[in-house]
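>>> build me a structure from this.
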Amino acid sequence: MAPIEGVDYTRLPWDPPACVAPPVGADDGGRRLPDAWPPDVVPAPGADGWPDKAIDWLLQEAMPPDYRKHRDVLAKHPLLLAPSAYEHTARARDAVRDGYRGAAVGLRDQIPPEAIGAVLDVHRAELARLTELQQGIERVGRVLPP
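You can find the predicted model right below:
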């Protein structure tokens, strides 16, 4: 298999430690949820079916839609899915920042200030959503089975 040009194969977006999740909060099965755990990934790690829920969440929330067609392949090695989701989200955050700069600087002479302000609010909200999503991906990725 040929490598993809421009991909750094020497690092992951984070260093995956051993599967450790500090217990905080409870899921509906009485198990403890890790601190700041994404609310849509329930039941908690260790419960029956939780890896499938985590995989579905990663595919639904963090990956481009066409990746869902390959769920059967990606679900076999969920620990590989999380770094990919993390990187996709990082690139989406970069795009939001670029859009913010474009609206704030590149279009300021062409669009009324109130419209630019509204667009910048959208970009700030989306950046906050993506930042929270990326943090959730990292938390889920740290406890996924190999």
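>>> Leu33 in helix, strand or coil?
When classified by DSSP: H, G, I helix; E, B strand; the rest coil, Leu33 comes out as strand.
>>> pretty sure it contacts Asp40?
No - if you go by CB atoms under 8 Å, Leu33 and Asp40 don't touch, sitting 11.6 Å apart. In this view, the C-beta of every residue, glycine as well, is placed from N, C-alpha and C.
>>> with neighbour numbers in mind, choose between those two.
Leu33 (21 against 12; other CB atoms under 10 Å).
>>> okay, the more buried one: pLDDT?
Predicted confidence (pLDDT) for Leu33: 76.
>>> which strand residues bridge it?
Bridge pairing for Leu33 (DSSP bridges) gives the partners Val24.
>>> buried sites along stretch 78-97?
With burial defined by 16 or more other CB atoms under 10 Å, the residues of stretch 78-97 counted as buried are 78-79, 81-89, 92-93, 96.
>>> now tabulate those residues in a markdown table and tack on pLDDT and secondary structure.
Formatted as a markdown table, the buried residues of stretch 78-97 follow (pLDDT from 0 to 100; DSSP: H, G, I helix; E, B strand; the rest coil):
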| residue | pLDDT | secondary structure |
| --- | --- | --- |
| Pro78 | 85 | helix |
| Leu79 | 83 | helix |
| Leu81 | 92 | helix |
| Ala82 | 92 | helix |
| Pro83 | 92 | helix |
| Ser84 | 93 | helix |
| Ala85 | 95 | helix |
| Tyr86 | 94 | helix |
| Glu87 | 94 | helix |
| His88 | 95 | helix |
| Thr89 | 95 | helix |
| Ala92 | 96 | helix |
| Arg93 | 95 | helix |
| Val96 | 94 | helix |
